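K.L.:
Sequence first, then the predicted structure, then my questions.
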Amino acid sequence: MTQETTTQNSPPPAVIDATPKTEGQTKSEEQAIEFMKEMQENAGQISELETEEENLVTQFFNSILTIFRPFGKTVEITISSLPEKYQGKVSKAYLYLTGQLILAYSNGEIEILNLTEKENHDILVDITGEVMMQLKSVISAYRMRTEKRVKFLMPITKELQKIAEVFSEK
């Protein structure tokens with residue numbers, strides 16, 4: 001009788017390598033651990049920074065709203081202060097004091113971006129210089145109007161006081 005040999009498909013036996021780690025392997029593992037620690041630290045800092053960013057954006061718009069409230073409800077933003085992707089497409093831009101940026105496109109479309117939302121904070125940073133210039137201008141103009149009124153009223157009030165004194169002496 002002839003015996004047929006059947007081959008079985010079995011995985012090769014496991015080979016245990018007992019060779020000690022080389023200096024390069026140890027260094028690579030140490031680097032990986034350091035990278036992991038650094039990533040964890042960065043992730044924690046990102047979380048803290050995002051929370052701080054949200055608070056600052058809220059405080060920014062609360063302050064802007066308080067300062068601009070007596071002067072109007074919107075601030076016109078120059079197109080040149082907008083990010084590059086809006087250049088040549090947007091014809092007018094207005095910032096509502098509650099944080100909405102209204103973009104009027106040349107083709108008639110209107111887009112409203114909520115600058116209090118995280119994905120729009122970069123746009124807020126881009127236009128902040130423009131907002132500060134507008135704020136400076138509005139406050140300076142208000143001061144000049146107030147000074148003009150004071151200068152006008154001061155001599156008249158002094159004269160009225162003199163006249164009132166004459167009548168109060170009787």
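P.N.:
Arrived safely, thanks for sending. Because the structure is predicted, anything quoted here is derived from the model rather than measured.
K.L.:
make it CA atoms for all contacts and neighbour counts henceforth
P.N.:
OK.
K.L.:
and A104, that's in a strand?
P.N.:
Yes - assessed by DSSP: H, G, I helix; E, B strand; the rest coil, A104 belongs to a strand.
K.L.:
which one's the longest helix in the chain?
P.N.:
Scanning the chain for the longest helix, with DSSP state H as the assignment, gives helix 121-168.
K.L.:
Quickly note the distance from T98 to S28.
P.N.:
Distance of T98 to S28, computed by Cα to Cα, to the nearest Å: 52 Å.
K.L.:
Quick check on those two: which one has the bigger neighbour count.
P.N.:
Taking other Cα atoms under 10 Å, T98 and S28 do not tie; T98 has more neighbours (18 against 11).
K.L.:
which non-adjacent residue is nearest the more buried one?
P.N.:
The shortest distance from T98 to any residue other than its chain neighbours is 6.0 Å, reached at F61 (Cα to Cα, 6 or more residues apart in numbering).
K.L.:
before we move on, the earlier item: for the longest helix of the chain, which helices and strands make contact with it?
P.N.:
With contacts taken as 3 or more Cα pairs under 8 Å, 6 or more residues apart in numbering; DSSP states H and E, helix 121-168 sits against strand 74-77.
K.L.:
that older thread, tell me what angle the helix or strand containing the residue nearest to T98 forms with helix 121-168.
P.N.:
Secondary structure assigned from DSSP states H and E places F61 in helix 23-68. For helix 23-68 and helix 121-168, the angle between their directions (axes from the mean of the first three to the mean of the last three Cα atoms, to 10 degrees) works out to 30 degrees.
K.L.:
how far is helix 23-68 from where the chain is centred?
P.N.:
Relative to its parent chain, helix 23-68 has a centroid offset of 15 Å by Cα atoms, centre = their mean, to the nearest Å.
K.L.:
swap in stretch 96-113?
P.N.:
Counting by Cα atoms, centre = their mean, stretch 96-113 is centred 17 Å from the centre of its parent chain.
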